[in-house]
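For reference, the sequence and a predicted model appear below.
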Amino acid sequence: MNRLFSLSSAAALLTLGFGFIVSPGTFAASPEIVKIGFAAPLTGSSAADGKEMENAVRLAIDDANRRAPQLHGRPVKFEIDAQDDQSDPRIATQIAQRFADTGVAGVVGHFNTSCSIAASKTYASANLAEISPSSTGASYTQQGYPTTFRVVGQDAIAGETLGRYLLDSLGAKRIAIIDDRTDFGQGLADRVEATLLKHNGKIVAREYVTNKTIDFSAVLTRIRGTQPDVIVFGGFDAQAAQLARRMRSLGVKATLVGEGFNNNIFVDLARGDGEGTITIQPGLPADKLPASDFASRYETRFKTRLQGFQGPYAYDAATVLLNAVLAAGSAEPAKVLAAVKATKLKGVTGPVAFDARGDLANSPYSVYRLNGKRWDGIKILNAAQ
């Protein structure tokens, strides 16, 4: 009998289960693969935000895998299942069903409030924890689903905090408000308006556009006649930048104010016309985060700089899920969900714990002003309760 025949025979005996004995430790146990779902726009106008969030989730997974995690003594390897929802609620719903069918342990996403809301019913039916790093619309967690969470502040609080800032710190006398009719934009604008009215602020105009509007001439022409000193815009970076450019070309001499403009997209598209724009962001400035090395670690790993605020929050959202899998001792969604609810985490953005609705229990806000191509942090606010 030659050696080749001996090895082949042994392999056959092992395959057929004929009692071939393998000593302990002959083969290393292969790790169990646990997938974390991720959904955000990876194409389109918000692709830079989505990619930054995806990178941050990958960094969190790298960090977790480096610690050689185990479930019941068996090695486990975390992986990301990244999907492009294109900022489209219909596609977000399809992705949610995919995640439910393929058996991810939980989901980091979505970027847009409208997408998070659209997908939330499917996640609830599957007992999948949905943790958004950026969906600030109040209605997202007010639906009553036990599976909705976020690691940023929400617009009901952000709008009130921004409204008080306009009156108490900025000294605004004549305020115009525009929103894009999305869950995020309208929710923020409505709460700012309610806060201003409550504290006797003067609203000189209330206008509406859509999230597809590219020409703001008609709206701004109407607003110009009211002589506002501040224009509040409830909407996203790209439109806010175009609004800033049109304000300057029409001679509307007001300060543009909103939430979530702290991104290079705004700077690039405004091309100098956004000077003096003010934005409020949930959380602390990057240089004041508890994990001060996050930005440098991100840059080292992905060879690009952080552009927005979403990266650290996506990292924390992923870390919540990764820790929940290990705390539950299982990747079963219902068990992971229970562990997410009990989260008490010292994240890179600060303490992470959830209230009964899945909102962050405590969230400060930071105010930035655009100075040339740089956003300067000018104030940290405690959330208005």
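Looks like it came in fine.

What about residue 292, how many residues nearby?
Applying other C-beta atoms under 10 Å, we find 11 residues neighbouring residue 292. All C-beta spots, glycine's among them, are computed from the backbone N, C-alpha and C.

cool, and residue 282?
26.

tell me the contacts of it?
136, 152-153, 158, 309, 313, 363-365 (C-beta atoms under 8 Å, 6 or more residues apart in numbering).

Now do it against residue 152, distance only.
4 Å (C-beta to C-beta, to the nearest Å).

list residues touching both of these two?
Counting by C-beta under 8 Å, 6+ apart, the contacts common to residue 282 and residue 152 are 136, 313, 363.

Sort the residues you listed by pLDDT and name the bottom one.
Across the shared contacts of residue 282 and residue 152, no position has a lower pLDDT than residue 363, which has 80.

mind checking which helix or strand of the protein has the lowest mean pLDDT?
Across the helices and strands of the chain, the lowest-confidence element by mean pLDDT, DSSP states H and E is helix 3-16, at a mean of 40.

Can you name the element that comes right after that one?
Following helix 3-16 in sequence order, the next helix or strand is strand 32-40 (DSSP states H and E).

could I get that next one in CSV with only the CA atoms?
Output of strand 32-40 as CSV, limited to C-alpha atoms (Å, rounded to 0.1, in the frame of the first residue of the first chain):
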residue,chain,number,x,y,z
GLU,A,32,-18.8,31.1,14.3
ILE,A,33,-19.7,34.0,12.0
VAL,A,34,-22.1,36.6,13.4
LYS,A,35,-23.3,39.2,11.0
ILE,A,36,-24.2,42.8,11.9
GLY,A,37,-26.5,44.5,9.4
PHE,A,38,-25.7,48.0,8.3
ALA,A,39,-27.9,50.2,6.1
ALA,A,40,-27.4,53.8,4.9
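
same for the helix or strand following it, what does it pack against?
Next helix or strand after strand 32-40 toward the C-terminus (DSSP H and E): helix 47-66. Packing partners of helix 47-66 (3 or more C-beta pairs under 8 Å, 6 or more residues apart in numbering; DSSP states H and E): strand 32-40, strand 74-84, helix 264-270, helix 294-302, helix 310-328.

hey, least reliable of those by pLDDT?
Looking over the helices and strands packed on helix 47-66, mean pLDDT reaches its minimum on helix 264-270, with a mean of 85.

how far off helix 310-328 does whichever helix or strand comes after that one point, in degrees?
Counting by DSSP H and E, the next helix or strand C-terminal to helix 264-270 is strand 278-282. Put simply, strand 278-282 runs at 10 degrees to helix 310-328, going by axes from the mean of the first three to the mean of the last three C-alpha atoms, to 10 degrees.

pLDDT (mean, whole number) over strand 278-282?
For strand 278-282, the per-residue pLDDT averages 90.

roughly how far is it from the heart of the chain?
15 Å (C-alpha atoms, centre = their mean, to the nearest Å).

Parallel or antiparallel, which strands does that strand pair with?
Strand pairing for strand 278-282, using DSSP bridges, gives strand 255-259 (parallel), strand 365-371 (antiparallel).

Return that strand as CSV; C-alpha atoms alone will do.
Taking C-alpha atoms only, strand 278-282 is exported to CSV below (Å, rounded to 0.1, in the frame of the first residue of the first chain):
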residue,chain,number,x,y,z
ILE,A,278,-24.7,78.2,12.2
THR,A,279,-25.5,74.5,12.9
ILE,A,280,-26.4,72.6,16.0
GLN,A,281,-25.2,69.0,16.3
PRO,A,282,-26.1,66.3,18.8
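
Which parts of the stretch 101-250 of the chain are strands?
In the stretch 101-250 of the chain, the strands defined using DSSP state E, counting those that start in this stretch lie at 107-108, 130-132, 148-150, 175-179, 203-208, 230-234.

which ones are touching the residue lying closest to residue 322 once chain neighbours are set aside?
Using C-beta to C-beta, 6 or more residues apart in numbering and skipping residues adjacent in sequence, the residue nearest residue 322 is residue 64, 4.6 Å away. With contact set as C-beta under 8 Å, 6+ apart, residue 64 has these partners: 78, 319, 322.

Please tabulate those residues in JSON lines and include neighbour count and distance to residue 338 as additional columns.
JSON lines is the format used below for the contacts of residue 64 (neighbours: other C-beta atoms under 10 Å; distance: C-beta to C-beta, whole Å):
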{"residue": "78", "neighbour count": "25", "distance to residue 338": "19"}
{"residue": "319", "neighbour count": "26", "distance to residue 338": "17"}
{"residue": "322", "neighbour count": "25", "distance to residue 338": "15"}
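
And those residues, which is closest to residue 189?
The shortest gap between residue 189 and any of the contacts of residue 64 belongs to residue 319, at 32.3 Å (C-beta to C-beta).

what's the distance between the closest one and residue 73?
Taking C-beta to C-beta, one finds residue 319 at 23 Å from residue 73.

Output the below-cut-off pLDDT ranges for the protein.
The model of the chain has pLDDT under 70 over residues 1-28, 383-385.

domains for it, by residue range?
32-153+287-354, 156-282+366-381 (automatic domain parsing).

Near residue 253, how many other residues are there?
11.

Also residue 200?
Neighbours of residue 200 using other C-beta under 10 Å come to 7.

What of residue 81?
When neighbours are defined as other C-beta under 10 Å, residue 81 has 16 of them.

which residues does it form a beta bridge with?
Here residue 81 sits in beta bridges with residue 37, going by DSSP bridges.

what's the distance between it and residue 128?
Taken as C-beta to C-beta, the span from residue 81 to residue 128 is 12 Å.

can you list residues touching both of the two?
37, 99, 104.

Can you lay out those residues as TSV showing neighbour count?
Formatted as TSV, those follow (neighbours: other C-beta atoms under 10 Å):
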residue	neighbour count
37	27
99	28
104	25
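
Tell me the one of those nearest residue 236?
Ranked by distance to residue 236 (C-beta to C-beta), the shared contacts of residue 81 and residue 128 are led by residue 37 at 23.3 Å.

I appreciate the help and will end here.
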